[in-house]
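In: pasting the sequence and the predicted coordinates here, then a few questions.
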Amino acid sequence: MERFGVALVGTGHVAQTVHLPLLKRLPQVEVVALYDRNLSKARMVAERFSVPYVAERLEELWSLEGVQIVDVCTTTDSHPEIAIAALEHGKHVFVEKPLARSVAEAEEVARAVARTGKHLMVGMNHRFRPDATLLKSYVVRGELGTIYYIKAGWLQPRQREQRWLTRADISGGGVLMDLGILLLDLTLWMYDFAAVRSVHAAMFRHQTRVVEDLVIATLYFSSGSVATLECSWSLMRPEDLYYCNIFGTKGSGYLNPFRVVKHSDGEFVSITAERRTSPLQQYTRSYELEWQYFLNTVRGVVPPVSTAEEAVHRMRIVEALYRSAQERQEVVLEASG
């Protein structure tokens, strides 16, 4: 089996809790180097995960022997610069979401991908949740009929250790760029990336000063279908809530927990999946499946998904949502699709 050498950039929360534990488990991968602006932190993390090399400068990674893939786990403001440099030095790139803070930055990365011919995948792991892929299979087979409405939401407390998420100059925005962009991607994926005609959004700052901590958004598709999204760090609930409900002309589907409801012989039939995994296991498994797919993309076995071009498309919608909230009116995406 071909093995890939990975250099990981950024040793923060997502790197330590998700990426490094996962990469160390994958037999197709060897983590050969780490880099973080905080050198002492990088050395501590390298020792913890038995990574043999710590770069003192980012540029060391480009000439380091055995590095084929760069895994970018830094703050969003540095994603484009690191991704472009890695691509131009002949590396494939996996970059955590979101790819960039703006359409312009995402377009710059997309041009680098086209110029270099290397693969870049943006971490949109919710597509790879086992329950999401199962629900998508019902949609693809037409068992729910024509999908005309999707309602998705993610309500959770803000993670206090990631304070940079509330700095727009670093993150590009608030809860929309943190949780909402994953919901947006999941919705677009379920709709097979149908063109979005217009959007309308309301945003609030209840516990934050600069960025939004609550978003309520509606997407109107050129086909006539609709989607509503809600994401929050501040809605008061006793527990987290994550869901994606899909409604079609022949049935409906629900995530977390998984359920499909269809009308047959005058009665409703409910289909559920045996729940063998916890929500945490679903989350962890989604990252594993995502990385396995990326490695197969690099091998040339499967076509690329969650590309830089898709990120450009997502960011056009995100920017329209921010504009809608600011102007308090519907915004038309004339060039969407």
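Out: Happy to help now that I have it.

In: dump the C-alpha coordinates for stretch 100-110 into CSV.
Out: Output in CSV follows, covering the C-alpha atoms of stretch 100-110 (Å, rounded to 0.1, in the frame of the first residue of the first chain):
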residue,chain,number,x,y,z
ALA,A,100,-10.8,31.6,3.1
ARG,A,101,-12.5,34.7,4.5
SER,A,102,-13.8,36.0,1.2
VAL,A,103,-14.6,35.2,-2.4
ALA,A,104,-11.5,37.0,-3.5
GLU,A,105,-9.2,34.9,-1.3
ALA,A,106,-10.9,31.6,-2.3
GLU,A,107,-10.6,32.5,-6.0
GLU,A,108,-6.8,33.1,-5.5
VAL,A,109,-6.5,29.6,-4.1
ALA,A,110,-8.6,28.1,-6.9
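
In: quick one: distance of it to the chain centre.
Out: With C-alpha atoms, centre = their mean, to the nearest Å as the basis, stretch 100-110 stands 15 Å off its chain's centre.

In: other residues contacting it?
Out: Contacts with stretch 100-110, where a contact means C-beta atoms under 8 Å, 6 or more residues apart in numbering, come from 76-77, 79-80, 83-84, 87, 99, 120, 171-173, 177, 307-309, 311-312, 315-316, 319. To be clear about C-beta, it is placed using only N, CA and C from the backbone, and glycine gets the same treatment.

In: same thing with stretch 26-42?
Out: By C-beta under 8 Å, 6+ apart, the residues outside stretch 26-42 that reach it are 1-12, 20, 23-24, 45-46, 49, 51-58, 60-61, 64, 66-67, 288, 291-292, 295.

In: again, only this time at 6 Å
Out: Residues outside stretch 26-42 that contact it (C-beta atoms under 6 Å, 6 or more residues apart in numbering): 3-9, 11, 23, 46, 51, 53-55, 58, 61, 64, 66, 295.

In: endpoints of it, how far apart?
Out: One end of stretch 26-42 to the other measures 21 Å (C-alpha to C-alpha, to the nearest Å).

In: now that stretch: buried residues?
Out: Under the neighbour-count criterion of 16 or more other C-beta atoms under 10 Å, stretch 26-42 has 26, 28-36, 42 buried.
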